[in-house]
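**Student:** I need the structure of the sequence given here:
(2 chains)
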Amino acid sequence: MPLLSLRNVTKRFGGLVAVNNVSFDVEEGEMLAIVGPNGAGKTTLFNLINGVFLPDEGTIIFDGHDITRLPAFKRAPLGIGRTFQIPRPFSSATVRENIAIGAMFGAEGKKTSVDRAMEIADHYIDLIGLSEHRDKPAGGLTPVEKKLVEIARALAMKPKLLLMDEAMAGMNPKDIDYIVDFVRKVRDEEKIAIVAMVEHIMRAVANLAERVVVMHQGAKLVDEETEKALTDKRVIEVYLGKPPEEKNAEG
Amino acid sequence: MKAKKYLPFIPVFVAYLALFLIGETVSGIWQLIAMLAFYCALGQAFNLFMGMTGYVDFGYVAFLGVGTYGMAITISKLYSHGLGFGLIAIGFALAIVMSVLLSLAVGAVALRLRGAYFAIATIGVNEGFRYLIEGAKLWNGSEGIIFSGPLRMAFGRQTATVLTTFAADVFVFIIALAAAFITLVYMRGKVGYALTALREDEDAAKVMGINVTKYKIIAFITSAALAGLLGASAWALKLTYVYPPDVFEITYTVEAIIIVLLGGAGTLLGPIVGGLVYGLSKYLLAIILPGFQLLIFAPVIIFIIVTFPEGLVGFVKLKTRGTWLENYIV
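**Tutor:** Alright, predicted model coming up:
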């Protein structure tokens, strides 16, 4: 049984169909990239999976639970973690507190005391290499550090599925490689399925994902292994338009 | 580790003890001290909600108002039953029940709204409740309740005087300490971290698995119950009457907001510093420049809030981070 399965999920905003009849599965421990140009419906899809929006049609099953209409705060304890496109750490709280909050309310939150959560936080702080910023307010960090704190906070929730929203946007190649390595290492250790949403940084997609789902105008266009997907003609068309020789041939 | 968490309560306790002892030893100063204690307690109770959640409740005084009624109704109805000091205990209990019920009613509607919309929704609560009492002739309607007679009959003249002139103020000190202690317990527990998260980013908090509505209601009810107790002691017991326009007066809500912002929203010591600064300047300005106090007070408050946007304690807290003082200034 897949860890996450979406069946015919549709979300409309007024007349706009943001996500149109999308179905796909995510297996346990899998690394899946959701790719698509701006406006393809990727963020809406994420918001449907973790409960920020509820779908108009379709069902979402996670780990054997029907979570289609479950509020967001009840999904996190089941094991769904999330990072945001623009990092949203709790600015006034310290790095340590930020990550501890993840541990306190995540999948094992009920049996995690505040003191224990702080110990878990220390573990992840060392893992992301931000030990010297441990007791600084998260609001004062650089964007890359904020992103790392956010990833650590999501990991401290002990998720079975981690949704990473544009995890690499606005970063230089060195930082991207660092985060990709880090994410992969954690996945291998903790067997977390990761769904990463990527707009156009194919470097990250190629290095990270085993499978790629390409979204276009709200619908699923391609669902293939990474190499096949990235060389698929339809995918190239979505990003670059039709190649000139074809246009010529048609004309 | 466990004991260290509660170290910040030491300066709180010392501050209130010092205030109490000054009032006891310096003659003729008790009324001023009682007023300062009231402002500190008001700030401490209000901070538990506003400081910790970032939500501003403009109808807050209504909780003090119904608490006042709780004590007034108890004493005026039950004074002849020979309950002794049980009468006061029942009064406080009823004050808590009434303010908690009101907070549930207000919270169930208003806490679904975010930020400014919550503030707007709560603006009318105190006025609405006042008109309800007056219009529906509830609890003696617009005439209010005067219970100095019943209080004397229940306790005798001498004890009644001690109750109104001394015990009522001591209760205020106890409520302030209790409010500070609960604030600290919340801060150090999951409630506090959940509130920090939702204050900073409510959507992110939800996605992290935090039931934001639950934690907002916890803070709201606790804060309302303390306000009810404060009304029951500082207004009902001290003045022995309750009159609707007096106890649903929005000025007290505004004062509570100023105290919390002056001292530092969400800090433990903030309400003490804010309460003392506000209370003392209000008192002194009324003596030095009677009639002009508000005119001078407004720019002073603006100056402090512009210079120390985190509040006075918030400012010191940032400066002492990483030193031994950080365990005490919270």
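
**Student:** for the residue of chain B found nearest chain A, which non-adjacent residue is spatially closest?
**Tutor:** Here the residue of chain B nearest chain A is B:Gly209; by C-beta to the nearest C-beta that distance is 3.0 Å. Heads up, the C-betas are built off the backbone N, CA and C, glycines and all. Of all residues not flanking B:Gly209 in the chain, A:Ala76 sits nearest, at 3.0 Å (C-beta to C-beta, 6 or more residues apart in numbering or on different chains).

**Student:** does that neighbour count as helix, strand or coil?
**Tutor:** Per DSSP: H, G, I helix; E, B strand; the rest coil, the local secondary structure of A:Ala76 is helix.

**Student:** that one contacts B:Val212, doesn't it?
**Tutor:** No. In this structure A:Ala76 lies outside contact range of B:Val212 using C-beta atoms under 8 Å: 12.0 Å.

**Student:** neighbour count for these two, which is higher?
**Tutor:** For A:Ala76 versus B:Val212, the count of surrounding residues by other C-beta atoms under 10 Å in any protein chain shown is larger for A:Ala76: 26 against 21.

**Student:** residues contacting the more buried one?
**Tutor:** If you count contacts by C-beta atoms under 8 Å, 6 or more residues apart in numbering or on different chains, A:Ala76 has them with A:50, A:105-107, A:157, A:159, B:207-209.

**Student:** again, but for B:Ala180
**Tutor:** For B:Ala180, the contact set (C-beta under 8 Å, 6+ apart) comprises B:9, B:12, B:44, B:268, B:271-272.

**Student:** and which of these is nearest B:Ser148?
**Tutor:** Nearest to B:Ser148 among these, counting by C-beta to C-beta, is B:Gln44 at 28.6 Å.

**Student:** surely the closest one is within a helix?
**Tutor:** Yes. The assignment for B:Gln44 (three-state DSSP) places it in a helix.

**Student:** that one: neighbour count?
**Tutor:** Using other C-beta under 10 Å, B:Gln44 has 35 other residues around it.

**Student:** per-residue pLDDT, it?
**Tutor:** For B:Gln44, the pLDDT comes out at 97.

**Student:** ok, it touching B:Ala179?
**Tutor:** Yes. Contact between B:Gln44 and B:Ala179 holds when scored by C-beta under 8 Å: they sit 3.9 Å apart.

**Student:** shared neighbours, the two?
**Tutor:** Common contacts of B:Gln44 and B:Ala179, defined by C-beta under 8 Å, 6+ apart, comprise B:226, B:271.

**Student:** could you pull out the strands for the chain?
**Tutor:** Since you didn't name a chain, this refers to chain A. For chain A, applying DSSP state E gives strands covering A:4-13, A:16-26, A:31-35, A:57-62, A:65-66, A:80-83, A:161-165, A:193-198, A:211-216, A:219-225.

**Student:** actually chain B
**Tutor:** Assigned by DSSP E, the strands in chain B fall at B:145-146, B:241-242.

**Student:** looking at these, which is closest to B:Tyr186?
**Tutor:** Per C-beta to C-beta, nearest to B:Tyr186 of the strands of chain B: strand B:241-242, 30.4 Å.

**Student:** looking at the strands of chain A, which is buried most?
**Tutor:** Of all these, strand A:80-83 has the most neighbours on average by mean count of other C-beta atoms under 10 Å in any protein chain shown, namely a mean of 28.

**Student:** so which residue is smack in the middle of chain B?
**Tutor:** Geometric centre of chain B, nearest residue: B:Leu42, 2.6 Å, by C-alpha atoms, centre = their mean.

**Student:** shouldn't that one be in contact with B:Leu230?
**Tutor:** Yes. Using C-beta under 8 Å, B:Leu42 is in contact with B:Leu230, at 6.4 Å.

**Student:** okay, and the common contacts of the two?
**Tutor:** B:Leu64.

**Student:** against B:Leu268, how distant is the closest residue to B:Ala265 other than its chain neighbours?
**Tutor:** Nearest non-adjacent residue to B:Ala265, counting by C-beta to C-beta, 6+ apart: B:Gly51, 4.0 Å away. Distance, B:Gly51 to B:Leu268, using C-beta to C-beta, to the nearest Å: 9 Å.
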